[in-house]
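Undergrad: give me coordinates for this.
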Amino acid sequence: MEIIKVEDVAEWFKVSKAMVYDMTNPRTRNGDLREDPLPVLRMGAAVRFNRKALEDWLERLEKRGR
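TA: Presented below is the predicted three-dimensional model:
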């Protein structure tokens, strides 16, 4: 299992760190539930990601055409 940081995800997805944090939230900015938030590992105050879980997440989005 490869664990990566927010900075790594932001670079990989070519988005800001703030966008990565926002994508982990189960709710959107207007309060609606997000259909498939970014899978995250929270370890105390640290936010980390399992690379395989992110790859699976991207594959699900691709299959849905998003």
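Undergrad: in this structure Val47 contacts Tyr21, no?
TA: Yes. Val47 lies in contact with Tyr21 (Cβ atoms under 8 Å); the separation is 7.2 Å. No exception for glycine: its C-beta is placed from N, CA and C like everyone else's.
Undergrad: shared neighbours of these two, anything?
TA: Common neighbours of Val47 and Tyr21 (criterion: Cβ atoms under 8 Å, 6 or more residues apart in numbering): Val6.
Undergrad: how much space is there between the spatially most central residue of the chain and Asn50?
TA: Centroid-nearest residue in the chain, with Cα atoms, centre = their mean: Leu38, separated by 2.8 Å. Noted for Leu38: a distance of 11 Å to Asn50, by Cβ to Cβ, to the nearest Å.
Undergrad: Ile4 now?
TA: Taking Cβ to Cβ, one finds Ile4 at 8 Å from Asn50.
Undergrad: tell me where this protein has helices.
TA: Applying DSSP state H to the chain gives helices spanning 6-13, 17-24, 51-63.
Undergrad: quick one: contacts for the residue nearest to the centre of the chain?
TA: Per Cβ under 8 Å, 6+ apart, neighbours of Leu38: 9, 20, 23-24, 49, 54, 57.
Undergrad: and for Met19?
TA: So Met19 contacts 10, 13 (Cβ under 8 Å, 6+ apart).
Undergrad: most remote residue from the middle of the chain, which is it?
TA: Max radial position in the chain (Cα atoms, centre = their mean) goes to Asn30, at 18.5 Å.
Undergrad: neighbours around Asp32, how many?
TA: 8 (other Cβ atoms under 10 Å).
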